[in-house]
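Novice: Okay, predicted coordinates and the sequence, questions at the end:
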2 protein chains.
Amino acid sequence: MATIRELARHCGVSVATVSRVFNTPEVVSRATRQRVEAAAAEIGYLPNESARTLATKKSNMIGLVWDTDHRRSGWRHPFLQEILVALKTALSAHGLHLLLLATGADAPDRHLAAVRRHNLDGVVLIDNGSRDPAVLALADAGIPCVALDLPLTGPCCTYVTSDNAGGARQAVAHLLHRGHRRIATISGPSRPGPGADRLAGFRAELAAHGVPLPPDYVVEGDYYLDSGRAATHRLLRLDTPPTAVFAAGDEMAVGALQAATDAGLRVPGDLAIVGFDDIELAALLPPGLTTIAQDRAGFGTAAAEALISMIQSSPDTAPPPPITLPTRLVPRGTA
Amino acid sequence: MATIRELARHCGVSVATVSRVFNTPEVVSRATRQRVEAAAAEIGYLPNESARTLATKKSNMIGLVWDTDHRRSGWRHPFLQEILVALKTALSAHGLHLLLLATGADAPDRHLAAVRRHNLDGVVLIDNGSRDPAVLALADAGIPCVALDLPLTGPCCTYVTSDNAGGARQAVAHLLHRGHRRIATISGPSRPGPGADRLAGFRAELAAHGVPLPPDYVVEGDYYLDSGRAATHRLLRLDTPPTAVFAAGDEMAVGALQAATDAGLRVPGDLAIVGFDDIELAALLPPGLTTIAQDRAGFGTAAAEALISMIQSSPDTAPPPPITLPTRLVPRGTA
DNA sequence: CTGAAAGCGCTTACAG
DNA sequence: CTGAAAGCGCTTACAG
């Protein structure tokens, strides 16, 4: 591995000059710049990132805090892969790498410690609990960070999420348009975040149209299929069962579909179903799940942009406001 | 950020001693070790990884070369998330982080360059083409690396893949056991790798039982649903159509299922179908896709183990032999 | 536009 | 068991 010193000697300039052609090329004369560049290519010089980071305190690395340690194994983000691809692509365009942080002891300062040890330029959080002390410590520390699908704010922290309330309203509006008036929902967990927002949107659209919502038309699920099936069974046993159900996640919607089939009901004739997420399954499962699609790639690119703007702005400027991605109704066979 | 010098002064020892309590604690006296540890906790000292890497040439980071730049967007690995989780977990246990490398210009030395610039301890490759010069350069360079689902070897390079041939044989054996004798296959791309191995296993099991395989019973797909559907349409139009089909991927199997339905055939009565992968869909799509499951987590843990053993062994020792993960037949409704 | 020099925060022989 | 010192490969004021 050639070092900057060797390269400098190789073309008869100082190491400072070599450093400049790599960092502030506009400040060195055309002649020497070209000479250095040619020599660099010739001997295969590559700057050592550790040395740069040590000298500059900037690593050009973004930490990815991904909480894979769920009590419930087999947990899957509906579209993690797309987020990762978009994030990586957008970050790459700015020369930033993504460091997937090892999960160690669960000390409340573990994320912060990783940031400091590695001189990370910023952090993106995904799949984290909203009450995780380690996450909160990060958000409070003034490290540029952006959370995905988690309403987290701080001096230098913002988040991106879909327009969950708006998406739920689209779902309800579609059902209303189809003539339904007895519309139930299988919600996500009630903690702040997408689940709560979808439920709020659900209620709001119904209210806006003066359609009553009996309390037992709202049953909470956990985004998994089984909870959707169980919830639907419960709804169908009501004295006045709903004619339509909005599930706050596609897996739960598939569960609802199964429950309807179990009960000998036709979908959408006897029970209409709308989901949320537009997972791969939605298009393939007969008769096709009507659902609310999210802007998958948007999560990654928006997060990257927010992060980069925070990194580049002075420490005292306010973080960008939370970013809300538009959703889209995808009408298929179930509603 | 406290530095090692401050910590040293804080407890009246040299920086060398402090360094030792963090790196070779067994070599320092119990008394001073405890004094240093207490002081470190007190002032919140965290070693700077860049400085360590600069001094040791080891970064404790593994590069993840993930080729997300597919000509075909929307491409998805059947279980990338599980691989990533298992990989991260296994690597974490050894204090290794995963660096998702930014995709830049496609110079044939780009991966190698990243390894050198960051002093990466090793690399894992996923979703890469087998003929990518940048990948081959990496495998040849003697950098510890392990490829997933890609038969890549080198002085310090091995790979992990499922027992694809064995899995295909399980599929055929199952079909044979069900009484089928006219068994076709929709294969994956014919380049070396899982697709070719599955096809070889398919042929082998048939041959072992003396069951003939007409040439037009083998049609090549690309793992996507549409290719499975198209292939099946073609098979069904044959003078002597098959009674069963083994699709080398679940998406193609789903396509086969759709084609059968299109043609008014009953599954498995008129056409039996076995897939490969056991994607989420397989269990959910009526009547349930019979398929060959892979050891998803095994990919990650095996890769981590192989990598760690290579990193720890001396540079001249041979790499571990390729690792083959067992598969498992999951009988469901389609065969 | 360029160079000499100090400094970034560690590790590791080498002595003792 | 511990310390003084050199070195890892860069960057960046400061002069000129």
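Specialist: Looks like it arrived, so ask away. Residues are numbered from 1 along each chain as shown, chains lettered A, B, ... in the order given.

Novice: and chain A, what are its domains?
Specialist: Listed domain ranges for chain A are A:4-47, A:61-163+A:297-325, A:164-293 (source: automatic domain parsing).

Novice: How many residues are close by residue A:38?
Specialist: 11 (other Cβ atoms under 10 Å in any protein chain shown). Every C-beta, even on glycine, is put in place using the N, C-alpha and C of the backbone.

Novice: okay, the domains of chain A in CSV with distance to residue B:150 and mean pLDDT next?
Specialist: Output for these, formatted as CSV (distance: least, Cβ to Cβ, whole Å; pLDDT from 0 to 100):
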stretch, distance to residue B:150, mean pLDDT
domain A:4-47, 26, 93
domain A:61-163+A:297-325, 18, 88
domain A:164-293, 24, 96
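
Novice: need those domains in CSV with distance to DNA strand D, can you?
Specialist: Below are those laid out as CSV (distance: least, Cβ to the nearest atom of the strand, whole Å):
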stretch, distance to DNA strand D
domain A:4-47, 3
domain A:61-163+A:297-325, 12
domain A:164-293, 39
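
Novice: Format the ones you listed as TSV; extra columns: distance to residue B:280.
Specialist: Converted to TSV, these look like this (distance: least, Cβ to Cβ, whole Å):
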stretch	distance to residue B:280
domain A:4-47	42
domain A:61-163+A:297-325	8
domain A:164-293	7
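
Novice: out of those, nearest to residue B:240?
Specialist: domain A:164-293 (29.7 Å; Cβ to Cβ).

Novice: for the nearest residue to residue A:95 once chain neighbours are set aside, what are its contacts?
Specialist: Computed as Cβ to Cβ, 6 or more residues apart in numbering or on different chains, the closest residue to residue A:95 that is not its neighbour in sequence is residue A:60, at 5.8 Å. Taking Cβ atoms under 8 Å, 6 or more residues apart in numbering or on different chains, we find residue A:60 in contact with A:49, A:53, A:95-97, A:121.

Novice: now the residue of the stretch 101-250 of chain A found nearest chain B: how far from residue A:235?
Specialist: Residue nearest to chain B within the stretch 101-250 of chain A: residue A:102 (3.6 Å; Cβ to the nearest Cβ). Plainly put, residue A:102 is 44 Å away from residue A:235 if you go by Cβ to Cβ, to the nearest Å.

Novice: Compare the two and say which is more crowded by neighbours.
Specialist: residue A:235 (23 against 19).

Novice: still on that earlier bit, how far away is the residue nearest to residue A:95 from residue B:101?
Specialist: 12 Å.

Novice: Residue A:78 touches residue A:250, doesn't it?
Specialist: Yes: here residue A:78 reaches residue A:250: they are 7.2 Å apart, a contact under Cβ atoms under 8 Å.

Novice: between those two, which one's more packed in?
Specialist: When neighbours are counted by other Cβ under 10 Å, residue A:78 and residue A:250 differ, and residue A:250 comes out ahead with 26 against 18.

Novice: from the contacts of residue A:60, which single one is nearest DNA strand C?
Specialist: When these are compared for distance to DNA strand C (Cβ to the nearest atom of the strand), residue A:53 wins out at 8.7 Å.

Novice: List the contacts of the closest one.
Specialist: Residue A:53 touches A:59-60, A:119, B:50, counting by Cβ under 8 Å, 6+ apart.

Novice: any common contacting residues for residue A:60 and residue B:101?
Specialist: Common neighbours of residue A:60 and residue B:101 (Cβ under 8 Å, 6+ apart) are residue A:97.

Novice: can you give me the end-to-end distance of stretch A:181-192?
Specialist: End-to-end distance of stretch A:181-192 (Cα to Cα, to the nearest Å): 28 Å.

Novice: export stretch A:161-173 as PDB, just CAs?
Specialist: Output of stretch A:161-173 as PDB, limited to C-alpha atoms (Å, rounded to 0.1, in the frame of the first residue of the first chain):
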ATOM      1  CA  THR A 161     -42.900   8.300   7.700                       C
ATOM      2  CA  SER A 162     -45.700   7.800   5.300                       C
ATOM      3  CA  ASP A 163     -48.800   9.900   5.500                       C
ATOM      4  CA  ASN A 164     -50.400   7.200   7.600                       C
ATOM      5  CA  ALA A 165     -53.400   9.200   8.500                       C
ATOM      6  CA  GLY A 166     -53.900  10.200   4.900                       C
ATOM      7  CA  GLY A 167     -53.500   6.700   3.700                       C
ATOM      8  CA  ALA A 168     -56.100   5.400   6.200                       C
ATOM      9  CA  ARG A 169     -58.500   8.100   5.000                       C
ATOM     10  CA  GLN A 170     -58.000   7.000   1.400                       C
ATOM     11  CA  ALA A 171     -58.900   3.500   2.500                       C
ATOM     12  CA  VAL A 172     -62.000   4.600   4.300                       C
ATOM     13  CA  ALA A 173     -63.000   7.000   1.400                       C
END
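
Novice: And it, what's buried?
Specialist: Under the neighbour-count criterion of 16 or more other Cβ atoms under 10 Å in any protein chain shown, stretch A:161-173 has A:161-172 buried.

Novice: Pretty sure residue A:315 sits against residue A:142.
Specialist: Yes: here residue A:315 reaches residue A:142: they are 6.8 Å apart, a contact under Cβ under 8 Å.

Novice: In terms of neighbours, single out the busier of those two.
Specialist: residue A:142 (14 against 9).

Novice: you'd agree that one is up against residue A:123?
Specialist: No: contact criterion Cβ under 8 Å: residue A:142 and residue A:123 do not qualify, at 11.6 Å.

Novice: How about the contacts made by residue A:114?
Specialist: A:63, A:101, A:120.

Novice: Return the member of the residues you listed nearest to residue B:181.
Specialist: Nearest to residue B:181 among the contacts of residue A:114, with distances taken as Cβ to Cβ, is residue A:101, at 54.4 Å.

Novice: How many neighbouring residues does that closest one have?
Specialist: 21.

Novice: wait, what's in contact with it?
Specialist: Applying Cβ under 8 Å, 6+ apart to residue A:101 gives the contacts A:63-66, A:111, A:114, B:97.
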